[in-house]
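**Student:** when you get a sec, could you give me coordinates for this:
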Amino acid sequence: MKKLLVSACLLGCRCRYDGKSCANENVIALKDRYELIPVCPEQLGGLPTPRNPSERKDGGVFMNDGTDVTKAYRKGAAESLYLARTLGVQKALLKAKSPSCGKGLIYDGSFTGKKIEGNGVTAELLLENGIEVFTEDELAVFAEENA
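**Tutor:** Take a look at the predicted model:
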């Protein structure tokens, strides 16, 4: 069975910044076809749950109170990449728009809900290292490409 790195919040783990999950039944259903490897890069980077919301801005990641958490996000991304390499993972399914896991579209750093083109820190590192990244918003594409 192929392995798939998955944002733990999509699997129902309460690891989001607000202490909630965003369980996605379509993602969870992939367990029948893949060995799902849950990751929460923010927690792997040492951030607590719950925590203040964060967004990418000016090459870094900042909480809504101005705290620079870039180092924690980079550490979590590196740990996620380490797990993927160690376990032979080739694909990841990550949380859309997240400053860590988002791919293609992320929040702009103003904490106003505005989105811009870009990738989260973990998604960016995985892509740079040849790991294909999808978000839950791309499940149809993922299913088509991996049928």
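**Student:** distance between the helix or strand harbouring residue 61 and the chain's centre?
**Tutor:** Using DSSP states H and E, residue 61 falls within strand 60-63. Mean C-alpha position of strand 60-63 versus that of the full chain (Cα atoms, centre = their mean, to the nearest Å) differs by 15 Å.
**Student:** and stretch 8-28, by the same measure?
**Tutor:** 11 Å.
**Student:** what lies in contact with the biggest helix by length in the chain?
**Tutor:** The helix that spans the most residues within the chain, counting by DSSP state H, is helix 70-87. The contact list for helix 70-87 (Cβ atoms under 8 Å, 6 or more residues apart in numbering) reads 3, 5, 37, 39-47, 54, 59-62, 89, 92, 99-100, 121-122, 124-126, 129, 131. The way it works is simple: take the backbone N, C-alpha and C, and place the C-beta from them, glycine included.
**Student:** sorry, back to before: got the CA positions of the strand holding residue 61 in PDB?
**Tutor:** Extracted as PDB, the C-alpha positions of strand 60-63 are listed here (Å, rounded to 0.1, in the frame of the first residue of the first chain):
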ATOM      1  CA  GLY A  60       8.400  34.800   7.400                       C
ATOM      2  CA  VAL A  61       5.500  33.600   9.400                       C
ATOM      3  CA  PHE A  62       3.900  35.800  12.100                       C
ATOM      4  CA  MET A  63       1.200  35.400  14.600                       C
END
